[in-house]
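> Sequence plus predicted model, see below.
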Amino acid sequence: MIGLGGITTIREKATGSLHGDIINFIHTCQVKQTVIAFDADCLDIEKNPLQGDDLTKRPRQFFRAIAALREELQKVDPEMIIQFWHTSAPEIGNPKGLDDLINAATNATEFENLMEDFTEFKSGKTRYFQKFNITSSLENYGSFRNWEGESRRRSIFPPPCGADRDETPFNHLGTVYRWDPEKPNSF
């Protein structure tokens with residue numbers, strides 16, 4: 001397992017290619033399957049709509065990082081199986097990241113179940129993760145595109161209308177929307 005300190009740390013600054021240490025690790029250990037795992041907040045929308053930032057900016061950055069890492073891994077080994085996972089475990093309190101997920105497995109059985117899930121390389125929703133096989137494509141892989149769409153739906157449809165509705169205008173894909181209190185179910 002290799003942990004990277006953020007979505008922008010996969011490439012060497014000088015060359016723009018995958019870090020040499022990662023390439024050496026892949027060759028030395030003969031890695032055949034790779035999981036790109038992000039914290040659950042990779043779906044979160046941009047937090048600064050008042051500054052004019054597009055609400056989809058953050059999820060799009062994650063999507064681009066996944067696409068870039070996939071491309072770099074395929075340069076190292078075109079036969080490598082590549083998956084993208086993010087934590088998704090509402091039964092144990094929706095831990096944000098892998099470290100939080102491990103800490104949330106408070107008993108031996110829970111931890112054993114987590115380790116079993118962690119070693120299963122299949123697509124779909126599991127008890128602890130949302131998993132996508134992105135080996136062949138990002139653009140045409142329906143469930144992955146649905147994941148990207150889910151982050152957009154979260155940004156398009158903020159919390160339900162009501163008295164506590166945040167009436168702050170927000171930018172979504174270049175268009176600024178404002179909630180109209182006269183039309184409570186629309187923008």
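Arrived safely, thanks for sending. Treat the numbers as computed from the prediction; the structure is a model and nothing was measured.
> Around residue 100, how many other residues sit close by?
16 (other Cβ atoms under 10 Å). Any C-beta I mention is one placed from the backbone N, CA and C, and that applies to glycine too.
> State the helix or strand in which it lies.
helix 98-104 (DSSP states H and E).
> For that helix, which residues meet the burial criterion?
Neighbour counts over helix 98-104 (16 or more other Cβ atoms under 10 Å) mark 98, 100, 101, 104 as buried.
> cool, and stretch 127-139?
Going by 16+ other Cβ under 10 Å, stretch 127-139 has these buried residues: 128, 129, 130, 131, 132, 133, 134, 135, 138.
> could you point out the longest helix in the protein?
In the chain, with assignment by DSSP state H, the single longest helix is helix 57-76.
> May I see the buried residues of it?
Neighbour-count burial for helix 57-76 [16+ other Cβ under 10 Å]: 57-59, 62-63, 65-66, 68-70, 72-73, 76.
> if I look at residue 177, how far off is residue 56?
12 Å (Cβ to Cβ, to the nearest Å).
> Between the two, which has more neighbouring residues?
Applying other Cβ under 10 Å to residue 177 and residue 56 shows that residue 56 carries more neighbours, namely 21 against 15.
> and the gap between the more buried one and residue 62?
Distance of residue 56 to residue 62, computed by Cβ to Cβ: 10 Å.
> same deal with residue 73?
Distance of residue 73 to residue 62, given as Cβ to Cβ: 16 Å.
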